[in-house]
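Trainee: Structure, please.
(one chain, ligands or ions: 1)
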Amino acid sequence: MKQLSVFLINPYIYDYSAYSFWSSPLGLLYVGAILRKNNMDIRLIDCMRTVEEKRKADGRGPFIKEKVGHLLPLRGIHKRLKRYGISKEQLAAELSILEPPDLILVTSIMTYWYPGTQEVVEIARELFPSSKIIVGGIYPTLCYDQAIIRMSKADLVVRHNEIERLYAFIENRFSLALSFKPSPYDLHDIPYPAYDLYNDIPFVPLLTSYGCAFACTYCATPYMHPRIVRRDAGHVVDEICYWHEYGVKRYIIYDDSLLYKSALFAKPLLKKVSTLPFPIEIYNPNAINAAFIDEELACLLFSAGFQEVRIGLETIDAGLQVSTGGKVNLKVFERALGHLSKGGFSMDQISAYILSGLPFQKWQDVKASIDYLSGLGVRTHIAEYTPIPHTPLFDTYHMHARYPISEDAIYQNNALFPFAWEGFTDEDLAFLKQYVQDKSSR
Ligand code: SF4
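Mentor: Below is the predicted model of the structure:
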């Protein structure tokens, strides 16, 4: 049987700011690994390239970028739009020297990044008219009706939980039977993501679970992954040992439930990692939940190689904390700080996220949260609220946004501050960003 050839494409994006906080197309690389196990020949074209000379010691780095003119829906918005990643001309040049593949998989991550995905699909369609193009990722998952219109040049658009449609499409179009068709939730059956397709691997994200025990009103995790599925600690450690053979030292954990019921998962995992015969560095760009941190866990996080701990505080307003999900309060936050400090973390290694720009939030609420954290000596990250479809906050308030966020996902970009109002203006946000900087430089 003829071996199918597959291109995996991570498109370039248009945005007002972007930086690689250990970003990579993890889902696409998992699907690539599954197809490779089905004897397909896979090739990666990752448009989101980093300026390697500027990559930091921890693996983060700036994407290559270029200023561009405004995209049509964004005309009239006085901010400088850029393209992050390689240009469409460079992509076309790189693709045009390759043999046409049988299949092209294109991922689409943030909902408001769809213009880059759409262009990439159109380039691929023009260059390879007979290849089958499939678009997946978060954009089609959260904005399916918009995606099937905008990705009309693709042969199939799939949501994240529709891998069976992808399998069926491949079997029908190529008249074959795939021998390996795992669910993405079979965390012990799916192969490791195909990071070996990169020449250098500066870091590897570890998928340790899906889902979350909480239901914060601004977060899409409960919609996307309604139940918690976890991977055995031993399986995760096996993966670390596998990538160690490739020289990988840094691992990224995005787990929304990492510390939930820690006796069953996080503690066994961290104990195993702590006793590896080689040291590793672990980063957690997603916040972890302060409510689950006890002294033993703090020590284990430190000894396993966590380089920093980011905690989601979101606000010090008790009413807002409860109404948005109730995952933390000031008492448990301060108790967690004490445990982390005893566990070995310096205050430089601990930081907290504060949510900014929620519907009808007042700027004074954010300032009070910054002042509170500053008083404790905790570094603050302002997390600008992104309205995400299928979340309670989006469903309740979308009509109050200053842009039509439910009609066109491009307006869901938090850089546009969709929920600015007279109680929290663009100027207030600029003030708060400067205020945080001033506080942290003191
Ligand atoms: S705890 Fe985190 S992942 Fe879970 S619902 Fe809340 S914001 Fe989402």
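Trainee: which bits of the protein sit near the ligand?
Mentor: 212, 214-216, 219, 221-222, 256, 289, 325, 327 (CB under 6 Å from any ligand atom). C-beta: built from backbone N, CA, C; applies to glycine.
Trainee: Pick the one among these closest to S20.
Mentor: Using CB to CB, D256 comes nearest to S20 of the residues of the chain next to the ligand, at 20.7 Å.
Trainee: what residues are up against the closest residue to that closest one other than its chain neighbours?
Mentor: Spatial nearest neighbour of D256, excluding adjacent residues (CB to CB, 6 or more residues apart in numbering): C212 at 4.1 Å. C212 is in contact with 219, 221-222, 225, 228, 256-257, 260, counting by CB atoms under 8 Å, 6 or more residues apart in numbering.
Trainee: With neighbour count and secondary structure as extra columns, can I get those in TSV?
Mentor: Formatted as TSV, the contacts of C212 follow (neighbours: other CB atoms under 10 Å; DSSP: H, G, I helix; E, B strand; the rest coil):
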residue	neighbour count	secondary structure
C219	21	coil
T221	18	helix
P222	20	helix
H225	19	coil
I228	15	coil
D256	23	coil
S257	24	coil
Y260	21	coil
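Trainee: quick one, what contacts E384?
Mentor: 356-357, 414-415, 417, 429.
Trainee: related to what we said a few turns ago, show me which of the residues of the chain next to the ligand has the smallest pLDDT value.
Mentor: pLDDT across the residues of the chain next to the ligand is at its lowest for D256, which sits at 76.
Trainee: That one against T221, yeah?
Mentor: Yes - here D256 reaches T221: they are 5.2 Å apart, a contact under CB atoms under 8 Å.
Trainee: Which pair in the contacts of E384 has the greatest spatial separation?
Mentor: So, those by CB to CB: farthest apart are S356 and A415, at 12.3 Å.
Trainee: who's more crowded, these two?
Mentor: Neighbour totals were compared for S356 and A415, and S356 leads with 28 against 15 (other CB atoms under 10 Å).
Trainee: Okay, that one and the ligand: tell me how far apart.
Mentor: Counting by CB to the nearest ligand atom, to the nearest Å, the separation of S356 from the ligand is 15 Å.
Trainee: Who is that residue paired with across the strands?
Mentor: Here S356 sits in beta bridges with E384, going by DSSP bridges.
Trainee: Please list all residues in contact with it.
Mentor: S356 makes contact with 366, 382-385, 429, 432 under the criterion CB under 8 Å, 6+ apart.
Trainee: which among the residues you listed gets closest to R36?
Mentor: A383 (36.1 Å).
Trainee: The closest residue in space to the closest one that isn't next to it in sequence: neighbouring residues, count only.
Mentor: Among residues not flanking A383 along the chain, Y353 sits closest, at 4.5 Å (CB to CB, 6+ apart). Y353 has 18 neighbours, counted by other CB under 10 Å.
Trainee: Phi first, then psi, for Y353.
Mentor: phi -90, psi 140 (degrees, to the nearest 10).
Trainee: wait, doesn't it sit right on A287?
Mentor: Yes - with contact defined as CB under 8 Å, Y353 counts as touching A287 (5.1 Å).
Trainee: Which residues are in contact with each of those two?
Mentor: What both Y353 and A287 touch, as defined by CB under 8 Å, 6+ apart, is the set 310-312.
Trainee: Sort those residues by pLDDT and name the bottom one.
Mentor: Scoring those by pLDDT puts G312 last, at 91.
Trainee: returning to that earlier point: just the pLDDT for the residue nearest to A383.
Mentor: We have a pLDDT of 95 for Y353.
Trainee: Residues in contact with stretch 85-105: which ones?
Mentor: Residues contacting stretch 85-105 (CB under 8 Å, 6+ apart): 4-9, 11-13, 28, 31-32, 35, 40, 43, 45, 47-49, 63-66, 116, 119-120, 123-124, 127-128, 130-136, 170, 174.
Trainee: ok, of those, which come out buried?
Mentor: Applying 16 or more other CB atoms under 10 Å to those, the neighbour count classes 4-9, 11-13, 28, 31-32, 35, 40, 45, 47-49, 63-65, 116, 119-120, 123-124, 128, 131-136, 170, 174 as buried.
Trainee: the domain parsing of this protein - what is it?
Mentor: Here the domain parsing of the chain from automatic domain parsing is 5-174, 203-441.
Trainee: Now L197: closest residue in space, sequence neighbours ignored.
Mentor: Going by CB to CB, 6+ apart, L197 has L44 as its nearest residue, at 3.9 Å.
Trainee: L98 versus that neighbour, what's the distance?
Mentor: 12 Å (CB to CB, to the nearest Å).
Trainee: So V248 versus T391, what's the distance?
Mentor: In terms of CB to CB, V248 sits 34 Å off from T391.
Trainee: Pick out whichever of these two has more residues nearby.
Mentor: Taking other CB under 10 Å, V248 and T391 do not tie; T391 has more neighbours (22 against 19).
Trainee: circling back: intersection of neighbour lists for L44 and L98?
Mentor: F7.
Trainee: More neighbours: these two, which one.
Mentor: Shown here are L44 and L98; by other CB under 10 Å, L44 has more neighbours (18 against 13).
Trainee: So S351 lies in a strand, does it not?
Mentor: Yes - looking at S351 with DSSP: H, G, I helix; E, B strand; the rest coil, it is inside a strand.
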